[in-house]
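**Student:** here are the coordinates; sequence isn't available:
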């Protein structure tokens, strides 16, 4: 497993939290909440009413299959009505919908606390997260206060992407290439030139053979999606898929399957 942390770097699609301290006004509230180490009172956004900010993110650099994302927020409330304040992590992907996490409440007046909410699937389509989803993602915070002199405040927002890096055989060559009981989420054979290429009992979500030039290519009991691209270069033999437990088997160009 691996993780990548992304912090706000630009204005997002919404900026409706009323006030800021020590940082830029709307629409550039992102610089109030993007520090790597929380600075609490130094830079923050706050409201005596209710509002939400969403922030853009830098491009991701990870690869592999995304397991889940977690949005972290650091919030505080003060004033007579502090116990009625609430905070909710928020995300927006490619569509118009804004998705919110659990309602969080302060445990005391004037104390900064870190909260988190995890999304295992992309809520836009209830499918596994793709890296394109991450690159389209806005993250943010909803703050609610019952009114002055009570304020709901936020000083830090970021997202952690949890993923499994790919198992890559970029240019595999030899008399036989095999992966037995592969547990990798992504199994990739970039340029396989051996006399036999096999993946047995693969529990991968994605099995990719990009440019196969082998006398035999087989996937037995693969429990995931499979892609075979540019596989017309198979000469002259077979492309065999046995007991593929997959939602789809896209074939690129013309591919022979026994």
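**Tutor:** In hand now; what should we look at? All of these numbers come straight from a predicted model, not from anything done at the bench. Numbering: from 1, shown residues only.
**Student:** Could you check how far residue 12 is from residue 138?
**Tutor:** Distance from residue 12 to residue 138, counting by C-beta to C-beta, to the nearest Å: 4 Å. (Glycine included, C-beta is placed from N, CA and C.)
**Student:** Overlap in contacts, these two.
**Tutor:** Common contact partners of residue 12 and residue 138 (C-beta atoms under 8 Å, 6 or more residues apart in numbering): 54-56, 92.
**Student:** What are the boundaries of the strands in the stretch 1-150 of the chain?
**Tutor:** 2-6, 10-15, 19-21, 44-47, 50-56, 65-78, 86-92, 99-100, 113-119, 121-122, 127-128, 138-144 (DSSP state E, counting those that start in this stretch).
**Student:** Kindly reformat those strands as CSV containing mean neighbour count.
**Tutor:** Listed next are the strands of the stretch 1-150 of the chain as CSV, based on neighbours: other C-beta atoms under 10 Å:
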stretch, mean neighbour count
strand 2-6, 15
strand 10-15, 18
strand 19-21, 17
strand 44-47, 25
strand 50-56, 23
strand 65-78, 22
strand 86-92, 22
strand 99-100, 16
strand 113-119, 16
strand 121-122, 18
strand 127-128, 12
strand 138-144, 26
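**Student:** hmm, back to that, closest to residue 159 among the shared contacts of residue 12 and residue 138?
**Tutor:** Using C-beta to C-beta, residue 55 is the member of the shared contacts of residue 12 and residue 138 that lies nearest residue 159, at 9.7 Å.
**Student:** And the pLDDT for that closest one?
**Tutor:** According to the per-residue confidence, residue 55 scores 98 in pLDDT.
**Student:** Name the nearest residue to residue 75, sequence neighbours excluded.
**Tutor:** Take residue 75 and drop its neighbours on the chain: the residue closest to it by C-beta to C-beta, 6 or more residues apart in numbering is residue 87, 4.4 Å away.
**Student:** Next up, the contacts around that neighbour.
**Tutor:** Taking C-beta under 8 Å, 6+ apart, one finds 73, 75, 103-105, 115, 141-144, 152, 154 in contact with residue 87.
**Student:** In TSV, list the residues you listed along with distance to residue 16.
**Tutor:** Formatted as TSV, those follow (distance: C-beta to C-beta, whole Å):
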residue	distance to residue 16
73	16
75	16
103	18
104	19
105	21
115	20
141	11
142	9
143	10
144	12
152	13
154	13
